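In: Below: sequence and its predicted model.
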Amino acid sequence: MFKSFLILLLSIFLLFACSKKNTKEIIYQPTEEEVVVALYAEAVTALKRGEAYYAGKKFKEVESLLPQSEWAAKASLMAGYADYSRNAYSDSIFSLERHINNYPADNNIPYAHYLIAICYYEQILDEKKDLEPLLRAKKKFEFIILNYSDTDYATDARFKIDLIIDQLAAKEMSIARFYMKTEKWIPALNRLKIVVEKYDRTIFVEEALHRLVEVYYKIGLVEEATQAAAILGYNYQSGQWYERSYKIFNKKYKTKKIKKKKEMGLLRKKIKSLFE
């Protein structure tokens, strides 16, 4: 009887031991990489929902949990993008420059440089505002063209630089007009010469040449005014600015008014075609 009781106790003990073992096996602890992957996915989802600030915090958490890993590099870049997506340009530039320094071997380094350039570019408001973003964007786009010439980033950079040069020329013309309005003729001449010499491929060169004619004639430098008018006439004889310059020398000349048919933009053409 006692022997049977001992066997029963042993059976209960073994059953209990097996039960504890099974319980331990059921409790699963995820690896660090699995935790990081889950956090990264959460950050991406938040970014898609428009919760850029929260997403940025999660991306930074991923980087700190598993530094120097593939996920850390991805998260670092995405943190910079998250800041950019909420228009926090200074924060984004700081994050992206840090990414470039910390992960120089990352395949996405060209994109990081491009995004920095875009951060500067999107801070350009108009020609009357601060020149600093214009100059920094131009310098960064030139860096991309020089170092990553075969990429799509370089193609877009070339296009953006053309727009920046137009803005720089517009800035000089805006200042020149102000000096002319306030009758500060020498500063006005200096600004107009910059447009003619540095930005001769922009749409502002015709006006700049005409303004040179105006200013030179106004201060009595008729020979210089004639030379500027000759350059304008040689290159843009059919333009309205040449006609205005010609009128300075010939007061009786009447400019011709030509009615131009308004061209339909590509977008409007496309929309119109949908209704035909």
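Out: Nice, I can see it. Since the model is a prediction, treat every value here as computed from it, not as a measurement.

In: quick one: low-confidence parts of the stretch 151-276 of the chain?
Out: Applying pLDDT under 70 to the stretch 151-276 of the chain flags residues 238, 251-276.

In: just the helices in it please.
Out: In the stretch 151-276 of the chain, the helices defined using DSSP state H, counting those that start in this stretch lie at 152-181, 185-198, 205-218, 222-236, 240-249, 266-273.

In: If I take the third one and helix 240-249, what angle do their directions form?
Out: Looking back up the chat, that one is helix 205-218. When axes from the mean of the first three to the mean of the last three Cα atoms, to 10 degrees is applied, the directions of helix 205-218 and helix 240-249 differ by 10 degrees.

In: cool, and the second one?
Out: Here helix 185-198 runs at an angle of 140 degrees relative to helix 240-249 (the same axes, to 10 degrees).

In: which one of the helices of the stretch 151-276 of the chain has the most crowded surroundings?
Out: When these are scored by mean count of other Cβ atoms under 10 Å, the highest mean neighbour count falls to helix 205-218 (a mean of 22). Where you see a C-beta, it was placed from the backbone N, CA and C, and this is true even at glycine.

In: Now that helix - C-alpha only, CSV.
Out: C-alpha atoms of helix 205-218 as CSV (Å, rounded to 0.1, in the frame of the first residue of the first chain):
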residue,chain,number,x,y,z
VAL,A,205,19.2,89.6,-69.8
GLU,A,206,17.0,91.5,-72.2
GLU,A,207,15.6,93.7,-69.5
ALA,A,208,19.0,94.2,-67.9
LEU,A,209,20.4,95.4,-71.2
HIS,A,210,17.5,97.8,-71.7
ARG,A,211,17.9,99.1,-68.1
LEU,A,212,21.6,99.7,-68.8
VAL,A,213,20.6,101.8,-71.8
GLU,A,214,18.2,103.8,-69.6
VAL,A,215,20.7,104.4,-66.8
TYR,A,216,23.6,105.3,-69.0
TYR,A,217,21.5,107.7,-71.0
LYS,A,218,20.1,109.2,-67.8
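
In: if I pick the nearest residue to His210 once chain neighbours are set aside, what's in contact with it?
Out: Sequence neighbours aside, Trp241 is the residue nearest to His210 in space, at 4.0 Å (criterion: Cβ to Cβ, 6 or more residues apart in numbering). Contacts here follow Cβ atoms under 8 Å, 6 or more residues apart in numbering; on that basis Trp241 touches 206-207, 209-210, 232.

In: Would you check which pair of these lies furthest apart?
Out: Glu207 and Leu232 (9.7 Å; Cβ to Cβ).

In: Where do the domain boundaries of the protein fall?
Out: Domain assignment for the chain, taken from automatic domain parsing, gives 32-167, 171-254.

In: Next secondary structure element downstream of the strand or helix carrying Ser92?
Out: Using DSSP states H and E, Ser92 sits in helix 89-102. Using DSSP H and E, the helix or strand that directly follows helix 89-102 along the chain is helix 109-121.
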